[in-house]
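*Asks:* Mind looking at a prediction? Sequence and model below.
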Amino acid sequence: MKNFSCMNCHGLSLKRFFDLGYQPNGNNFPRLYEFKQEQTFPFAMLVCTDCWQVQIEEFPPVDSMFVNHPYVTGLNQPVVSHFEELVQEIIRKFQISSNSLILDIGANDGSLLTKFRDHGMRVLGIDPCKRSNQLASNMGIIVFETFWNKKSAEAIKSLGIRPDIITATAVFYHIEDIHDFIQGLDMIMDENTIFCTQCVYLKDIIEKLQFDHFYHEHTMIHAIAPLKDLFAKYKMRLLDVDFYPIHGGSFVLYVARNDSPFVTSEKIENVIKDECRFGLHNLKTYQEFFERVEKNKNDLLSLLRQIKMSGNNIFGLGAPLKGNTLLNYYNIGTDYLDYVTEVNTYKVDRYTPGTHIPIIHEDSVKEQPDYYLILSWNFLDFFVEKYADYLNNGGKFIVSHPKVRIVEKYL
């Protein structure tokens, strides 16, 4: 589906600032015999110069991206640890009592909901993915197998379900129609309900050169100012925002109805002013971002060529969707990487989308490579500690951005 207007304000002032060519769905890991059937899709990023929302120009049907989604939250220990911190903060900030009802949109394997349940909360999930829903079910969590929108909200409301907290972590920027999503919230939220969403932060992406947060699933990339205007259309207001290092830099935004008893923090306006000072409301910022990515591409490829010409071998560490954006845009294939290692069995014994690098389980590596290209760079600190012996014995990590560098030792 091609976007001819802004997904946020419906304005027509969309400017393309980054064209990544044609790429496959970065979360569809083919087998050898499936290479010829692999589809590619247009991939370009736009910014609306009316409201400054960043969005993808065209994206595949959402069913093709999410129904068999291979991501499993519980395999990412930094995310699981973050969820414990986040749940405690939500309970503290809004004085949530035990037995409150938590609805998690995009519940995945139930990792977030289990943290709420540990605090005596009642929990319920909604997610279209069959694989992860089964994992959640195994944990005793009920998950409605569907997308969140106005229609599914009507169904939940008809059952008499009124959640106290609605969460959506790493979901609110994956949606095809953000107005339909908020209309669903509007249908079941009362004056005491809090909507809590966690998203990668546009300012971090621009500042830290995290262009590989762009992929087909990320239909929108959010900053706070456009979201304030968006929620205001539905008589909702932003209450507070917190920032976390998880995912390379993300925000947690708290939203309520205008008549909510909770007050709006001064932090909201301060953050919006900071976004403006940084340049998120200036087209030049996005054009210069693209130029910086191109320089980074040249720097990384030059380093990889030098390493290979010196007779060293390189593996990729992790096969996240963001890594496949980088591999495809930088055209890094088996000429540079022998293998990519993973712990997610939905990816192991398959190949990276488009670049077709074989994916092996990290436990099957008999002889460590000279270098790892860190594709899951958002978990760099975790990997540095996990691979301390490898690094201290002479192994090296290649980190792609914000600046190409080599990490050699765990200190």
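*Replies:* Alright, I've got the coordinates. Numbering: from 1, shown residues only.

*Asks:* Let me see the backbone angles for the residue nearest the centre of the chain.
*Replies:* Residue closest to the mean C-alpha point of the chain, counted by C-alpha atoms, centre = their mean, is Ala170 at 4.9 Å. The phi/psi pair for Ala170 (degrees, to the nearest 10) reads phi 50, psi 40.

*Asks:* cool, and Leu253?
*Replies:* Torsion angles, degrees, to the nearest 10, at Leu253: phi -110, psi 140.

*Asks:* Surely it is in contact with Phe243?
*Replies:* No: using C-beta atoms under 8 Å, Leu253 is not in contact with Phe243; the gap is 10.2 Å. Where C-beta positions appear, they are placed from N, C-alpha and C, glycine not excepted.

*Asks:* before we move on, the earlier item: what about the closest residue to the residue nearest to the centre of the chain other than its chain neighbours, how many residues nearby?
*Replies:* Distances taken as C-beta to C-beta, 6 or more residues apart in numbering place Gln198 nearest to Ala170, at 6.4 Å, with adjacent residues excluded. Gln198: 24 surrounding residues under other C-beta atoms under 10 Å.

*Asks:* Wasn't Gln198 part of a helix?
*Replies:* No: counting by DSSP: H, G, I helix; E, B strand; the rest coil, Gln198 is not part of a helix but strand.

*Asks:* Look up which residues are beta-bridged to it.
*Replies:* Note on Gln198: beta-bridge partners by DSSP bridges are Thr169, Val252.

*Asks:* Quick check: pLDDT value at it.
*Replies:* Looking at Gln198, its pLDDT stands at 95.

*Asks:* so Leu185 sits in a strand?
*Replies:* No: judged by three-state DSSP, Leu185 forms no part of a strand; its state is helix.

*Asks:* Distance of the nearest residue to it once chain neighbours are set aside relative to Glu367?
*Replies:* Closest residue to Leu185 apart from its sequence neighbours, by C-beta to C-beta, 6+ apart: Phe195 at 5.6 Å. Distance from Phe195 to Glu367, counting by C-beta to C-beta, to the nearest Å: 49 Å.

*Asks:* who's in contact with the residue nearest to Ala170?
*Replies:* 86, 168-170, 172, 244, 250-253 (C-beta atoms under 8 Å, 6 or more residues apart in numbering).

*Asks:* Between the residues you listed, which sits nearest Leu321?
*Replies:* In terms of C-beta to C-beta, no member of these lies closer to Leu321 than Ala170, at 10.9 Å.

*Asks:* Let me know the pLDDT of that closest one.
*Replies:* pLDDT, read off for Ala170, is 85.

*Asks:* Val67 now?
*Replies:* 49.

*Asks:* Same question for Asp177.
*Replies:* 93.

*Asks:* Only the buried residues of the longest helix seen in the chain, if you could.
*Replies:* Ranked by residue count and defined by DSSP state H, the top helix of the chain is helix 283-309. Buried residues in helix 283-309, defined by neighbour count with 16 or more other C-beta atoms under 10 Å: 285-286, 289, 293, 296-297, 300, 303-304, 307.

*Asks:* ditto for stretch 165-177
*Replies:* 165-176.

*Asks:* Any chance you could give me it in CSV, C-alpha atoms only?
*Replies:* C-alpha atoms of stretch 165-177 as CSV (Å, rounded to 0.1, in the frame of the first residue of the first chain):
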residue,chain,number,x,y,z
ILE,A,165,-3.7,-0.1,31.8
ILE,A,166,-3.3,-0.7,28.1
THR,A,167,0.3,-1.3,27.0
ALA,A,168,1.8,-1.4,23.5
THR,A,169,5.6,-1.9,23.5
ALA,A,170,7.4,-2.0,20.1
VAL,A,171,3.9,-2.0,18.5
PHE,A,172,2.7,1.6,18.0
TYR,A,173,5.0,2.2,15.1
HIS,A,174,4.1,-1.1,13.3
ILE,A,175,0.5,-0.2,12.3
GLU,A,176,-1.2,0.4,9.0
ASP,A,177,-3.8,2.9,10.2
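
*Asks:* Work out the gap between that stretch and the centre of the chain.
*Replies:* 10 Å (C-alpha atoms, centre = their mean, to the nearest Å).

*Asks:* Same question for stretch 263-271.
*Replies:* 24 Å.

*Asks:* which residues sit against it?
*Replies:* Applying C-beta under 8 Å, 6+ apart, the set of residues contacting stretch 263-271 is 224, 228, 237-241.

*Asks:* can you list the domains in the chain?
*Replies:* 65-281, 310-407 (automatic domain parsing).

*Asks:* who has more neighbours, Leu253 and Phe243?
*Replies:* Leu253 (25 against 14).

*Asks:* need the helices for the stretch 201-350 of the chain, in chain order.
*Replies:* All helices of the stretch 201-350 of the chain, identified by DSSP state H, counting those that start in this stretch, fall at 202-207, 224-232, 267-278, 283-309, 321-330.

*Asks:* rewinding a little: next one, pLDDT for the residue nearest to Leu185 please.
*Replies:* pLDDT, read off for Phe195, is 98.

*Asks:* Helix, strand or coil: sort out it for me.
*Replies:* Phe195 is classified as strand under three-state DSSP.
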